[in-house]
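J.: Compute the structure for the input listed below.
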Amino acid sequence: MPNRKDTTMEISGKFDVKLEPLDAATEGRDGIAMGRMAIDKSYHGGLEARSRGEMLTVMTEVKGSAGYVAVEQVSGTLSGRKGSFVLQHYGTMKGGGEFLMLAVVPDSATGELVGLSGKMVIHIDEGQHFYEFDYNLPD
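T.: All right, here's what the predicted structure looks like:
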């Protein structure tokens, strides 16, 4: 039986994002504010897709310190292959610095994207959102 090889790809592009509160922020203990947001994104470039998801946020009393977790299901075309997959987010901010990790949830891909794995980096420059996506797909 032939060995199955993975193709490693690196793509980048822009995305538009709309966040809407799903309920009012709740006050936690000791001044912690928690919220829940709906995510609606459109990706452009090597990833031509639309996504929907949810985000949980927490803000502390210290300006610039916060955290979030989110999941979004991305549906569309990735380098010409149609399907969907789920991205899981984990992020923290402190003093102007941030740590952010987005990864494809294992075995979440469908269609021509079955077997997809990878990580995404996002950044914002002058109000525009950008992504860099390093991923593997079985040949």
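
J.: What distance do you get for the spatially closest residue to E61 that is not a sequence neighbour to G95?
T.: In space, and not counting its chain neighbours, E61 is closest to G31: 4.1 Å by C-beta to C-beta, 6 or more residues apart in numbering. Every C-beta, even on glycine, is put in place using the N, C-alpha and C of the backbone. With the distance defined as C-beta to C-beta, to the nearest Å, G31 ends up 18 Å from G95.

J.: Also G127?
T.: Per C-beta to C-beta, G127 is found 22 Å from G95.

J.: Neighbour count: those two, which is higher?
T.: Neighbours were counted for G127 and for G95 using other C-beta atoms under 10 Å; G95 has more, 9 against 5.

J.: Now do the same contact list for the closest residue in space to P21 that isn't next to it in sequence.
T.: Leaving out its chain neighbours, the residue that sits closest to P21 by C-beta to C-beta, 6+ apart is M37, at 5.9 Å. Applying C-beta atoms under 8 Å, 6 or more residues apart in numbering, we find M37 in contact with L19, E20, P21, L22, E54, M55, T57.
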